[in-house]
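**Student:** Starting from these lines, generate the structure:
(one chain, ligands or ions: 1)
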Amino acid sequence: MIFKKASATPPLRGRVRVPGDKSISHRALIISALAEGRSVATGVNTGDDVMATARCLTALGASVTMDIGRSRATIESPGLDSLAEPAGVLDCGNSGTAIRMLLGVCAAVSGQSVLTGDESLRRRPMLRVVSPLRQMGARIDGRDHGNLAPLTVRGAGLEGIDLETTVASAQVKTAILLAGLGASGRTTVTEPVLSRDHTEHMLEASGVAVAKDGLSVSVTGGARPVPREWSVPGDPSAAMFLVVAALLVPGSEITIDDVAINPIRTAAFEVLAAMGADIEVTPGGDSGGEPTGTVRAAHSELRGIAIDPAQVPALIDEVPALCIAAAAADGETTLRGAAELRVKESDRISLMACGLVALGVTVEEFPDGLAIRGRAGGGFTAGGDIQSGGDHRIAMAFAVAGLIAREKVRVQGWSCVETSFPGFLDVVGEAQAG
Ligand code: S3P
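**Tutor:** The predicted structure follows:
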C-alpha cells in the first residue's frame, strides 16, 4: 500500500466515527458467553481479532452470530457451567487478548481445549497467564514449558487464588478473574499499576459483584453474569491514528464521535496535549459502565517531551501513532518503561525505530523505549519501504506518516489493518472529503 506525498494530501475535516472498541468488544462477547441466555452487542468491532473470539466461543458451545454490516453480535449461551470441550482447535488468530482471556475461560470448562494462533501469537509469552491458572488447578501444557501456544488446557475443579502480578496486564487480570468465577472461594488479583479496567466495569454491569481495594480486585466463585444488551463505544486506540493525522496535516480539524474515554485509555491524548496539540476530549455519556465522549483535534505545531513512565500502561497501544507525532514535533521525545512493547503483535520498539530511520528520522532505541529527535513542522526527509511486521498498529502509524512525508511511503503487509480497523482508509478518505 502506497501513501501520497504531502503536496497531494488534503486536510482531514468534519465528523467521523471509528470501529467499536476492541477490548470492550472481546469482553462483551466473552462475558455474554458466560451468561445463560441471549445477549446482544451493538457497535461491536468486526475486525479479525474479535471475529476470532466469536468463533472460539461458538466452538465452546455459545453460539455467537456476527452481523458484520450492522456491527452487531448476538450471543446465545447455555452459560459457563454448560460450556463444553470444543471438538476442534481454538484458533485465536493474531489476538493476544483472545487467547489470554479464553485461557481463563477454558480453565473453568471441564474437558480439554487446545488454543493456538498465527505465527506472531505463537511467539508471544503465555506463562504470565498459564502459571496462575496452573496454581488454581488447571492442567496446561505447551511448548517452552507452557509459555508458547499451541496450549492444551484441561480445566474445571479450580480453587481461587490471591495473585500479585509483576506486569500490569489487563489480559492477565481478566483471565484470572474469569477463571475465578468458575473456582471455589475468592480470587483476587493485585497489580503493580492499574491496567485497563473494562472487565471490572463490565462484570459489574452484568450483575457480578466485584470488590475493589486499591490495586486489588476480587470476585467470588459461583457468581454468574446475566445476559444483557451492550452498546460498544468507538475505540480510542483507533481514534488515535485519525487524531495524529489531523494534528499533522495542515488545515485539518476533525471530531470523532462516541469514543470510549475511560481514563485508563486516554493518556496518549493527554501526552499530545502536553506536546502542544489542539485536542479536546468532551465527556458525553456512559455505555455498560464505560464513559464515552467526543474527541476533537486540529492541526498543531508539536514539541517533543519526556513521557512519564507511569503513564505507559494507559497509552501502550497508542505508542506507534505517538512516535509519528514525535517525529513531526520540534525537539526530542523520550519514552521509557515500555519494554512490554517488545512482546506485542510485533516488537514495536524495533519496528518503529527501523521505519522512522528509513524515513530519515533520528532515533535512539533502548531496551524499554525510544528517543525520537523530531523535526519542527513535520516532514520526513525520505520516503521508503516500511515493514509492518504484520502488525496493524505499525501499518496504520506509517500510513499516517505517509500523509506528511516528502516522498512515497510504502507499507508492506498492509492487510493486517483488518485486525482492528476494517475500513481505515475509507474513514481517512471520508475525513479528507469532509
Ligand atoms: C488489552 C490489554 C493490553 C493491550 C491490548 C488489549 C485488553 O495488553 O495492549 O491491546 O483488551 O485487555 P496487556 O494486557 O498485555 O497489557
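**Student:** Please report the distance of residue 158 from the ligand.
**Tutor:** 21 Å (CB to the nearest ligand atom, to the nearest Å). For glycine as for every other residue, the C-beta is placed from the backbone atoms N, C-alpha and C.
**Student:** Skipping adjacent residues, who's closest to that residue in space?
**Tutor:** Nearest residue to residue 158 in three dimensions, chain neighbours excluded: residue 183, at 3.7 Å (CB to CB, 6 or more residues apart in numbering).
**Student:** The one you found contacts residue 159, correct?
**Tutor:** Yes - counting by CB atoms under 8 Å, residue 183 touches residue 159, with 5.6 Å between them.
**Student:** Mutual contacts of these two, please.
**Tutor:** 136, 137 (CB atoms under 8 Å, 6 or more residues apart in numbering).
**Student:** Those two: which has the busier surroundings?
**Tutor:** The neighbour count for residue 183 versus residue 159, taken as other CB atoms under 10 Å, is higher for residue 183 (25 against 13).
**Student:** mind listing what the more buried one touches?
**Tutor:** With contact taken as CB under 8 Å, 6+ apart, residue 183 is in contact with 108, 136, 137, 158, 159, 160, 161, 221.
**Student:** again, but for residue 311
**Tutor:** 267, 270, 271.
**Student:** What is the neighbour count of the last one?
**Tutor:** Going back to what we said before, that points to residue 271. By other CB under 10 Å, 23 other residues sit near residue 271.
**Student:** go on, the first one?
**Tutor:** Counted with other CB under 10 Å, the burial measure for residue 267 works out to 21 neighbours.
**Student:** try the one 5 residues further on
**Tutor:** The burial metric for residue 272, expressed as a neighbour count using other CB under 10 Å, is 27.
**Student:** Okay, and the beta partners of the spatially closest residue to it that is not a sequence neighbour?
**Tutor:** Among residues not flanking residue 272 along the chain, residue 279 sits closest, at 5.4 Å (CB to CB, 6+ apart). Taking DSSP bridges as the rule, residue 279 bridges to residue 297.
**Student:** go on, the one 4 residues further on?
**Tutor:** With DSSP bridges as the criterion, the beta-bridge partners of residue 283 are residue 293.
**Student:** mind checking how far it is from residue 292?
**Tutor:** 8 Å (CB to CB, to the nearest Å).
**Student:** can you pull out the strands in the stretch 1-150 of the chain?
**Tutor:** Taking DSSP state E, counting those that start in this stretch to define them, one finds strands in the stretch 1-150 of the chain at 2-3, 13-16, 36-42, 63-67, 72-78, 90-91, 111-116, 139-142, 148-155.
**Student:** do the stretch 151-300 of the chain as well
**Tutor:** Secondary structure of the stretch 151-300 of the chain, counting by DSSP E, counting those that start in this stretch: strands at 162-164, 186-190, 211-213, 216-220, 229-231, 253-260, 278-287, 290-298.
**Student:** Need those in TSV (columns: distance to the ligand).
**Tutor:** TSV is the format used below for the strands of the stretch 151-300 of the chain (distance: least, CB to the nearest ligand atom, whole Å):
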stretch	distance to the ligand
strand 162-164	14
strand 186-190	12
strand 211-213	17
strand 216-220	13
strand 229-231	15
strand 253-260	11
strand 278-287	16
strand 290-298	12
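**Student:** will you turn those strands into JSON lines that also has mean neighbour count, mean pLDDT and distance to residue 430?
**Tutor:** What follows is those, written out as JSON lines (neighbours: other CB atoms under 10 Å; pLDDT from 0 to 100; distance: least, CB to CB, whole Å):
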{"stretch": "strand 162-164", "mean neighbour count": "15", "mean pLDDT": "98", "distance to residue 430": "45"}
{"stretch": "strand 186-190", "mean neighbour count": "20", "mean pLDDT": "98", "distance to residue 430": "41"}
{"stretch": "strand 211-213", "mean neighbour count": "11", "mean pLDDT": "98", "distance to residue 430": "40"}
{"stretch": "strand 216-220", "mean neighbour count": "19", "mean pLDDT": "98", "distance to residue 430": "40"}
{"stretch": "strand 229-231", "mean neighbour count": "19", "mean pLDDT": "97", "distance to residue 430": "22"}
{"stretch": "strand 253-260", "mean neighbour count": "22", "mean pLDDT": "98", "distance to residue 430": "10"}
{"stretch": "strand 278-287", "mean neighbour count": "15", "mean pLDDT": "93", "distance to residue 430": "20"}
{"stretch": "strand 290-298", "mean neighbour count": "21", "mean pLDDT": "96", "distance to residue 430": "16"}
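**Student:** how about the residues of the stretch 1-150 of the chain that lie near the ligand?
**Tutor:** Neighbours of the ligand within the stretch 1-150 of the chain, by CB under 6 Å from any ligand atom: 23, 97.
**Student:** and if we set it to 8 Å?
**Tutor:** 22, 23, 26, 27, 96, 97, 100, 101 (CB under 8 Å from any ligand atom).
**Student:** for those, which one is nearest the ligand?
**Tutor:** Among those, residue 23 lies closest to the ligand (CB to the nearest ligand atom), at 3.2 Å.
**Student:** For that closest one, give me the pLDDT.
**Tutor:** We have a pLDDT of 98 for residue 23.
**Student:** Was I right to think it contacts residue 174?
**Tutor:** No - taking contact to mean CB under 8 Å, the distance of 9.3 Å between residue 23 and residue 174 leaves them out of contact.
**Student:** before we move on, back to that, pick out whichever of the contacts of residue 311 sits closest to the ligand.
**Tutor:** Looking at these and their distance to the ligand, the nearest is residue 267, at 12.7 Å (CB to the nearest ligand atom).
**Student:** does that closest one really touch residue 316, like I thought?
**Tutor:** No - distance between residue 267 and residue 316: 9.1 Å, which falls outside the contact criterion (CB under 8 Å).
**Student:** For residue 283 and residue 292, list the residues in contact with both.
**Tutor:** Contact criterion CB under 8 Å, 6+ apart; residues bridging residue 283 and residue 292 by contacting each: residue 261.
**Student:** Including distance to residue 112, could the strands of the stretch 151-300 of the chain go into CSV?
**Tutor:** CSV is the format used below for those (distance: least, CB to CB, whole Å):
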stretch, distance to residue 112
strand 162-164, 24
strand 186-190, 23
strand 211-213, 32
strand 216-220, 25
strand 229-231, 30
strand 253-260, 36
strand 278-287, 37
strand 290-298, 35
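**Student:** So which of those is nearest residue 44?
**Tutor:** Between residue 44 and those, the shortest gap by CB to CB is with strand 229-231, which sits at 7.8 Å.
**Student:** How far away from the center of its chain is the closest one?
**Tutor:** Using CA atoms, centre = their mean, to the nearest Å, we find the averaged C-alpha position of strand 229-231 to lie 19 Å away from the chain's own average C-alpha position.
**Student:** Fine by me, thanks again.
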